[in-house]
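>>> got a predicted structure plus its sequence, pasted below:
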Amino acid sequence: MNNLAGQLGHHYKLFEYIGSSSAETVIVALGTSANVAEEAVLKLSAAGQSVGLLKIRLLRPWSARHFLAALPRTVAGSNAHGALFLDVTGAFAAGVENFNAAAVQAFLQGLGNADARFDFKIEAPATAAHSYSSDVFEAIVWDQQSDETENIAPRAVKLLESQGASSVQIFTTTSSISVEPISSTHIRFSKNGAHTQQSPSLVNTANYVAVHNIALLESYNVAASIREGGLLLLNRAGANPSIADLTKEIPDAVKRQLFARKVRVAVIDADKIAFNYTQFRGQRGEYRNLALIALLAKLWDGVDSAQAIRELEAGLSATETDNTVYRTKLGALRTALKTVTVFNAPSEWGFALIGGELPKYFQPSFALKKLTGLEEEEVEVVGKAVEKYQPALPILFKEAFALQSALRPDAGEKTFTVHVTSNTRLTPDTYERNVFHIEFDIGTSGLKYDIGEALGVYGQNNPDHVQEFLAWYGADGSQVIRYDRVNEKTGAIESEFRTVSQLFTEAVDIFGKPGKKFFQSLIEHATVMSERERLGYLASGEGADDLAKLQEEETVTFADVLQMFPSAHPSIEKLLATIPNIKPRHYSISSSMNVHRTSVHLLVVVVDWKTKSGKVRMGQCTRYLVGLRPGTAVTVSVKPSVMKLPPSHEAPVIMAGLGTGMAPFRAFVEERAYQKSLGHKVGPMVLYFGARHRAEEYLYGEELEAYHFDGLLTHLRLAFSRDQKEKVYIQHKIKADDTMLANMILKQGGAFYLCGPTWPVPDIRDALISSFSKFMTVEEATEKLESLKEEERYVLEVY
């Protein structure tokens, strides 16, 4: 040890003593627990109490002589023989319930009791409300591994650091023993020059506790670690729950503690918010986690919520190159802040039945991935490589194999084959945005659609890119893969055959965006240690920020990740089982089947962006669609929608469309024109259309002007935001027509529809409430708008 001192810069001893030189009581500790004990001993020694700590630096080989030499002479009865070594190896352990500096301090102060040496517990005094100053704030964040919310706590620490906290500490414990592995992350931060404790220990008096999956309340009494007057955030399915709903869901033991500690309870459905903002695009997990980190910033005492939220919004602005994604994420964040419900624990919870006590914490274990099956491999193989002659057998012996023809047996929904008849760009070739109109011939496919429905397009990968990847990966594109599926109706096993090239072109989302689980799945396959360590880091909570940069700033694909870690080389079968299939992309249908009986039309904008490193990316499905030529066969499905015309042809229809959000309204106008041609009396139609520039983005402009001239489209309100000095949006046009709209909706039974990005929704909502307020109070107007939503007369299809 002496020889190493010069190289290490510190003189380490086998046994290091800290505390009073005349101590009569000495704690012996090793590992992390020694840091906890040191904090308590230094505090008591400074107060004049004769206590000390002996840190064990080297357990093997054991030296009783050095152990005794390190103790103060004032320690009576020291004996290094017998069971002493076993006593030392069973020393205090950190990271478990009740073990912290305050608890050790209370234990040392209580050693004067006659029976303390034989019967004692390590715990902080029950009367201690909060161990630190009013400038120290604590939080606990509970997560379930499968939810992938573990990166929220590290992101919170980043926010705290940016706010100039005096000190910040984060400490995570994990339990992998349960079926669903869980973790609790303990955060402390201080302000105004105060300091948190230096040793890692569980938080017992948190200002803020977040449970990101309400199911965890069934196993742990999270309320027992909240300080009086603290706040508990619950993420649960279902917005605006009643007290009765929560009374049923929250265990009695938790309810009693919440009332006794006068805890405020906040409830949010972050998953629903994420779902609403990612119906057409985006990863729900990203949006849910963004909502939850925003609520932490708003609800945790001590955090400058206004500054933190500004930083979150600024971070979105800096990292999101796609304005639509930026707007939807901003909408999700702000929706979470507006819709969170906060209330005081009701008095009836104080009378919950006694019994059914729950543990405060879990016993920590090593962080392991969830076990998915003890009898099988960790990754379930659903496709198997077979001999190339096998697909020929069902063709040669049709009766024996009961051969059937199916378009997409993996789709799980009814699909149809349509053929491209035209593909026309609507914006100028020199314009930055490529918006195009594409038409498909339905033929004899049997496809039928109603007004407002969406067409699900099963996009395919570029064959050339697929072949490049397979060549790099060393895969045989002609290899045949057999999939065995159980027919849910008959129970019979049905087999499907495809080649590897066919799978990677038509089905496997190899150029899609991977989640954390994909990085985790590659760890066991990496043969180069540096790659294995990097994968493990990215899949951990510690690497959450770097993983987010890869996913959000560089938008890496599955293929990119495999090329980043070439030694991680799963078999083709395992790769097929790990990478999800391409999901259909849904586009609002822009035609009426009564007008176009043998075709279906779409209005599409090419989704492309540039990554932070300068690489140009393009959306998988728009890349596929924009290059389609007449005659090409395309697999599609039909998805129902709430975008339906009113039952009465005479009811006013108010439509608000932004960009390609014009699609369903073209169908609406065509359908009303058809009804008018049959001799039906049709009601007024109002269209608010918004885009950037009239010259480049007046989509279907000639058709709309003709319908307006004919009187079918009674009011045509155009808002081209960048054609004048001051930006004008559709919400400004809507506000200007407030009296007309109130009459149409309230007195004539009209319906209002919005299709497009989410960002104008709050302003449009406010404009409608303002217009209704001419006939009622603001409160009544707000309630009226909500009732219209229930009646499907206020319909939003936003993304």
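It's in.

>>> can you list contacts of stretch 293-303?
135, 137, 139, 141, 152, 155-156, 159-160, 163, 189, 191, 207-208, 210, 230-231, 233, 266, 268, 270, 305, 308-309, 312, 333, 336-337, 340, 342 (CB atoms under 8 Å, 6 or more residues apart in numbering). Every residue, glycine included, has its C-beta placed from N, CA and C.

>>> residue 715 reaches residue 684, doesn't it?
Yes: taking contacts as CB atoms under 8 Å, residue 715 lies within contact range of residue 684: 7.1 Å.

>>> now, the contacts of stretch 293-303 that are in helices?
The members of those that map onto helices under DSSP state H are 152, 155-156, 159-160, 270, 305, 308-309, 312, 333, 336-337.

>>> as a markdown table, those residues with pLDDT would be great.
Listed next are these as a markdown table, based on pLDDT from 0 to 100:
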| residue | pLDDT |
| --- | --- |
| 152 | 90 |
| 155 | 86 |
| 156 | 85 |
| 159 | 83 |
| 160 | 82 |
| 270 | 92 |
| 305 | 89 |
| 308 | 89 |
| 309 | 91 |
| 312 | 90 |
| 333 | 93 |
| 336 | 92 |
| 337 | 93 |
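
>>> got a ChimeraX select line for the buried ones in these?
Buried subset of the ones in helices among the contacts of stretch 293-303, written as a ChimeraX selection, criterion 16 or more other CB atoms under 10 Å:
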select :152,155,156,159,160,270,305,308,309,312,333,336,337
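
>>> pull the most distant pair out of the ones in helices among the contacts of stretch 293-303.
Greatest spatial distance among these (CB to CB): 160 and 270, at 20.8 Å.

>>> re earlier: now the ones in helices among the contacts of stretch 293-303 as a markdown table including distance to residue 276?
Below are the ones in helices among the contacts of stretch 293-303 laid out as a markdown table (distance: CB to CB, whole Å):
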| residue | distance to residue 276 |
| --- | --- |
| 152 | 20 |
| 155 | 22 |
| 156 | 24 |
| 159 | 25 |
| 160 | 29 |
| 270 | 11 |
| 305 | 23 |
| 308 | 24 |
| 309 | 20 |
| 312 | 19 |
| 333 | 13 |
| 336 | 11 |
| 337 | 15 |
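
>>> which secondary structure state is assigned to residue 455?
strand (DSSP: H, G, I helix; E, B strand; the rest coil).

>>> next one, pLDDT for it please.
Residue 455 is assigned 97 on the pLDDT scale.

>>> these two touch, right, it and residue 585?
No: look at residue 455 against residue 585 with CB under 8 Å: they stay out of range, at 9.3 Å.

>>> more crowded one of the two?
Each of residue 455 and residue 585 has its neighbours counted (other CB atoms under 10 Å); residue 455 has more, 26 against 21.

>>> so who does that one touch?
With CB under 8 Å, 6+ apart, residue 455 has these contacts: 449, 586, 587, 589, 600, 602, 636, 637, 638, 639.

>>> in space, what's closest to the last one - neighbours in sequence excluded?
Put plainly, it is residue 639. Excluding the flanking residues, the one nearest residue 639 by CB to CB, 6 or more residues apart in numbering is residue 454, at 4.4 Å.

>>> what's opposite the one you found in the beta bridge?
residue 588, residue 639 (DSSP bridges).

>>> so it sits against residue 584, correct?
No: using CB under 8 Å, residue 454 is not in contact with residue 584; the gap is 9.6 Å.

>>> before we move on, which element is the residue nearest the centre of the chain in?
Nearest to the mean C-alpha position of the chain, by CA atoms, centre = their mean, lies residue 285 at 1.8 Å. Element membership for residue 285, per DSSP states H and E: helix 284-299.

>>> what is the mean pLDDT for that helix?
The average of the pLDDT scores along helix 284-299 is 92.

>>> same question, stretch 251-258
Mean per-residue pLDDT for stretch 251-258: 89.

>>> what bridges to residue 600?
Legend: beta-bridge partners of residue 600 under DSSP bridges are residue 440.

>>> neighbours of it, how many?
So residue 600, with other CB under 10 Å, has 25 neighbours.

>>> likewise for the one 3 residues further on?
By other CB under 10 Å, 25 other residues sit near residue 603.

>>> which residues touch the residue nearest to it when sequence neighbours are not counted?
Leaving aside its sequence neighbours, residue 603 sits nearest to residue 663 (CB to CB, 6+ apart; 4.1 Å). Taking CB under 8 Å, 6+ apart, we find residue 663 in contact with 587, 588, 589, 590, 602, 603, 657, 755.

>>> can I assume the second one is in contact with residue 452?
Yes: here residue 588 reaches residue 452: they are 7.5 Å apart, a contact under CB under 8 Å.

>>> which neighbours do these two share?
With contacts taken as CB under 8 Å, 6+ apart, the residues that reach both residue 588 and residue 452 are 641, 643, 664, 667.

>>> distance of the first one from residue 649?
Note on residue 641: its distance to residue 649, by CB to CB, to the nearest Å, is 20 Å.

>>> who has more neighbours, the two?
Remark: of residue 641 and residue 649, residue 641 carries more neighbours, 19 against 16, as counted by other CB under 10 Å.

>>> next, the contact list for that one, please.
452, 453, 454, 588, 664, 797.

>>> gap between the closest residue to it other than its chain neighbours and residue 595?
Closest residue in space to residue 641, ignoring its immediate chain neighbours: residue 452 at 4.6 Å, by CB to CB, 6+ apart. Distance from residue 452 to residue 595, counting by CB to CB: 14 Å.

>>> where in the stretch 351-500 of the chain is pLDDT low?
354-356, 362-382, 386, 389, 391, 393-412, 484-494 (pLDDT under 70).

>>> and the helix or strand harbouring residue 246, what does it pack against?
Element membership for residue 246 (DSSP H and E) is helix 243-249. Using 3 or more CB pairs under 8 Å, 6 or more residues apart in numbering; DSSP states H and E as the contact criterion, no helix or strand is in contact with helix 243-249.

>>> flag every buried residue along the helix or strand just after it.
Once the chain leaves helix 243-249, the next helix or strand it forms, by DSSP H and E, is helix 252-260. For helix 252-260, burial by neighbour count (16+ other CB under 10 Å) applies to 252, 253, 254, 255, 256, 257, 258, 259.

>>> reformat those residues as a markdown table; add distance to residue 780.
Shown next, in a markdown table, are the buried residues of helix 252-260 (distance: CB to CB, whole Å):
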| residue | distance to residue 780 |
| --- | --- |
| 252 | 40 |
| 253 | 43 |
| 254 | 38 |
| 255 | 36 |
| 256 | 40 |
| 257 | 40 |
| 258 | 35 |
| 259 | 35 |
